[in-house]
Structures are given as structure tokens and as C-alpha cells.
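*Asks:* Sequence and computational prediction follow.
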Amino acid sequence: MDQNKLRTLVFEKTGIKIDTTDPVFAVVALNEAVLSEYVDRHVAAIHELSDKLNGQTRHLLEAGERYRRLHELEDTGAGRSDVAPSGILPAETAPLNQHAENVASGLSSGRVVALVSVVALLSVGLTLLGQWAFAPQARPPVHATQAIVPALTAQQMAMIRNGEKYAKLWPKLDTETQAKIQGLMQQP
């Protein structure tokens, strides 16, 4: 947080002069700390959700592989009625077996695997994009007691004061005088 930059911005927008020792800078530091805490919470939540999404993607890929093996058994003639699909599909996916067969009747096993792979890649891509977008930027910690303010020279302070006087005086000048001043300022 550059206090001189903020001070100048406040003056430009409102015309109010504030000093770097003004209590408003304590409020700005507090706001920055609170905002940082909330960003950290949201980043943690996104990481948790991305882990959950990665787990679901893994389960989807495993189910696709199980379905491919089941379809291969049926294609080779080994999928007889006396062979139970429970060895290939876990018990919790048994109700989905009929639905999977209905979907697969229109798709080849290669297309199903390709479709599952595309969904998995999209999930991974979205996860990485979310992690990149909400990753905290590397910033040094800022402490209210550790304000780093570069010391201004007397000449720089005089230039600031003269600039403030100039900004107040400029609107009061007629347009001809303003044009002459601008012409003089553009000369090297």
C-alpha cells in the first residue's frame, strides 16, 4: 500500500488533503487485512471443490473403463447369461447397468471412452483454470506498524504544494491565458 499514491488519489478525486499519519490509513490497512482473509478462505474452498471434482472425474473414468470391459466381454461372446456383471461393475452401479446398455446401443465402446475422456479433460481444465484464477498472489505481508514511507525531500514537498496551488488556480484563468501557459509548457 503506497500511502503517497493513495493520498494523491484522494486529493485528485475529492480535493481533500490528507496526511500520511491520518487515521484513514489505518482503516485502509484493516480493509486490506480483511480482504486478504476472505480471499484465502475462498481459495481454500475452491481447492476443496477442485479436489472433489478430481475425485468425481476419477470415478467417471473408472466407470467408463468398467463399462468398456463389460462391452468387450459381450462382444467376444464371453458375456453369457451365466456370467454376472457384478465382477466388472461394483454393486452401487448395478442400477445404472440398464441405462448404460441403452446408451451404449447407439455408441461404440471407443466413442464412449472418447466421450468420457473429453469430459475428464474438460473437468481437469476447468479445475486448473479455477485454481489459477483464484490463487493468492505472492505479496509480502503488510503490518500496520510497519508502514514503509519513502522520505520526501523539501524540494519534492514544495513541488507538491505548488502543484496543489496550480490545480486550484487553473480553473480561474481565462481560456487565452490557459492556452498561452499550455504552449509554454510544450516547448522544450
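*Replies:* Thanks, I have it. Numbering: from 1, shown residues only.

*Asks:* Quick check: what element follows the worst-scoring helix or strand of the chain on mean pLDDT along the chain?
*Replies:* Across the helices and strands of the chain, mean pLDDT, DSSP states H and E gives its lowest value to helix 96-104, namely a mean of 52. Next in sequence after helix 96-104, counting helices and strands by DSSP states H and E, comes helix 109-134.

*Asks:* Next secondary structure element downstream of that following helix?
*Replies:* Downstream of helix 109-134 (by DSSP H and E), the next one is helix 154-169.

*Asks:* what's the domain layout of this protein?
*Replies:* Split into domains by automatic domain parsing, the chain comes to 3-150, 151-188.

*Asks:* Pick the most buried one from the ones you listed.
*Replies:* Highest mean neighbour count of the domains of the chain: domain 3-150, a mean of 13 (counted as mean count of other CB atoms under 10 Å). Where you see a C-beta, it was placed from the backbone N, CA and C, and this is true even at glycine.

*Asks:* Now do the strand or helix carrying Ala44 and helix 109-134, the angle between them.
*Replies:* Taking DSSP H and E as the criterion, Ala44 maps to helix 24-75. Per axes from the mean of the first three to the mean of the last three CA atoms, to 10 degrees, the angle that helix 24-75 makes with helix 109-134 is 170 degrees.

*Asks:* Which other helices and strands does helix 24-75 contact?
*Replies:* Judged by 3 or more CB pairs under 8 Å, 6 or more residues apart in numbering; DSSP states H and E, helix 24-75 is in contact with helix 3-14, helix 96-104, helix 109-134.

*Asks:* Give me the distance between Ala26 and Thr8.
*Replies:* 19 Å (CB to CB, to the nearest Å).

*Asks:* no wait, Met185
*Replies:* 20 Å.

*Asks:* And for Glu37?
*Replies:* On the measure of CB to CB, Glu37 and Thr8 end up 28 Å apart.

*Asks:* Please apply the same query to Asp75.
*Replies:* Taking CB to CB, one finds Asp75 at 75 Å from Thr8.

*Asks:* Thr14 now?
*Replies:* For Thr14 relative to Thr8 (CB to CB), the value is 11 Å.
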